[in-house]
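1. I'll drop the sequence and a predicted model, then ask my questions.
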Amino acid sequence: MKGKYEICAMQILLIAATEAEINPFTTVNTKIDVLITGLGVPSTIYHLQKRIQQMEYDIVIQAGIAGSFNSSLLLGQTVFVKQDCFADLGIEERGNYTPIFSTVFADKNKFPFVEGWLVNLENNTNNLNLLSVKSITVNKISDSALQKQQLLSNFNADIETMEGAALHYVCLQEKIPFLQIRSISNYVGERDKSKWYMKEAIKNLNNTISKLINELIT
């Protein structure tokens, strides 16, 4: 008997930084194209750009875990990222951080940016009741109270990741529909991993991926 993914006409690419984040889904569903990009912005941009030059996709879905600045977001909760940015691209002087789009060196509204943000104008997650959030992408995860305060003051974001803005940047440039789905594993600054909800976040993330892809192909 053919599986439902085998007869799917829609070309979907599912990407993640690590295999562990989407392994519960990919071990069961083998008919969706999957790309493990590796951690960080450079690796994500390179591998995603290379893949979309080889294959045309109707949509790219990025899935992974995230740290939350927002205490109203529950550990393990899955969210949809509406907008993202490269948050550590800027200038730091005497403990003060200025994002690059708040300087004269960059145009905050030059495509694909809108006020310095990479905004996803599409949302195919309406039937999943996912909260839309604002995310930032950083190259360095730390427990620095100063870094946390700088990021909150400048961006007032809900969550942070190490790859999200790379997805938004590439797909907006290439005019490919995309979705970034994240589950909250920890609160930003908490480095005690015994307090993280890693297993719960991955479980909920993969349940959402399955529901989302079912929605897209039916």
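-> Arrived safely, thanks for sending.

2. sec struct for Ala66, please.
-> Judged by DSSP: H, G, I helix; E, B strand; the rest coil, the three-state class of Ala66 is strand.

3. contacting residues for it?
-> Val79, Ser135, Ile159, Glu160, Thr161, Gly164, Arg182, Ser183, Ile184, Ser185 (C-beta atoms under 8 Å, 6 or more residues apart in numbering). For the C-beta atoms, the positions are set from N, CA and C on the backbone; glycine is no exception.

4. so what's the closest residue to the fifth one other than its chain neighbours bridging to?
-> Of all residues not flanking Thr161 in the chain, Ala66 sits nearest, at 4.9 Å (C-beta to C-beta, 6 or more residues apart in numbering). Here Ala66 sits in beta bridges with Ile184, going by DSSP bridges.

5. can you tell me how far Ala66 sits from Gly40?
-> As for Ala66, its distance to Gly40 is 14 Å (criterion: C-beta to C-beta, to the nearest Å).

6. Test my guess that Glu115 contacts Ala106.
-> No: judged on C-beta atoms under 8 Å, Glu115 makes no contact with Ala106 at a distance of 11.8 Å.

7. So which of the contacts of Ala66 sit within strands?
-> Val79, Ser135, Ile159, Glu160, Thr161, Arg182, Ser183, Ile184, Ser185 (DSSP state E).

8. ok, of the residues you listed, which come out buried?
-> Buried by 16 or more other C-beta atoms under 10 Å: Val79, Ser135, Ile159, Glu160, Thr161, Arg182, Ser183, Ile184, Ser185, out of the ones in strands among the contacts of Ala66.

9. Dump the C-alpha coordinates for stretch 32-44 into CSV.
-> Output of stretch 32-44 as CSV, limited to C-alpha atoms (Å, rounded to 0.1, in the frame of the first residue of the first chain):
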residue,chain,number,x,y,z
ILE,A,32,9.5,14.2,2.4
ASP,A,33,12.8,15.7,1.3
VAL,A,34,14.9,16.4,4.3
LEU,A,35,18.0,18.5,4.7
ILE,A,36,20.2,18.7,7.8
THR,A,37,22.0,22.0,7.5
GLY,A,38,24.2,21.9,10.5
LEU,A,39,24.4,24.6,13.2
GLY,A,40,24.6,28.3,12.5
VAL,A,41,23.9,30.8,9.9
PRO,A,42,26.8,30.1,7.4
SER,A,43,26.1,26.4,7.2
THR,A,44,22.3,26.9,6.8
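
10. Show me which of the ones in strands among the contacts of Ala66 is closest to Gly95.
-> Distance ranking of those against Gly95, using C-beta to C-beta, places Glu160 first at 20.0 Å.

11. what does the model give that closest one for pLDDT?
-> Glu160 carries a pLDDT value of 96.

12. Now do the SS call for Asp88.
-> What three-state DSSP gives for Asp88 is coil.

13. Next, count neighbours for it.
-> Residues near Asp88, counting by other C-beta atoms under 10 Å, number 19.

14. any idea how far Ile52 lies from Leu216?
-> Taking C-beta to C-beta, one finds Ile52 at 18 Å from Leu216.

15. what's the pLDDT at Tyr169?
-> Note on Tyr169: pLDDT of 98.
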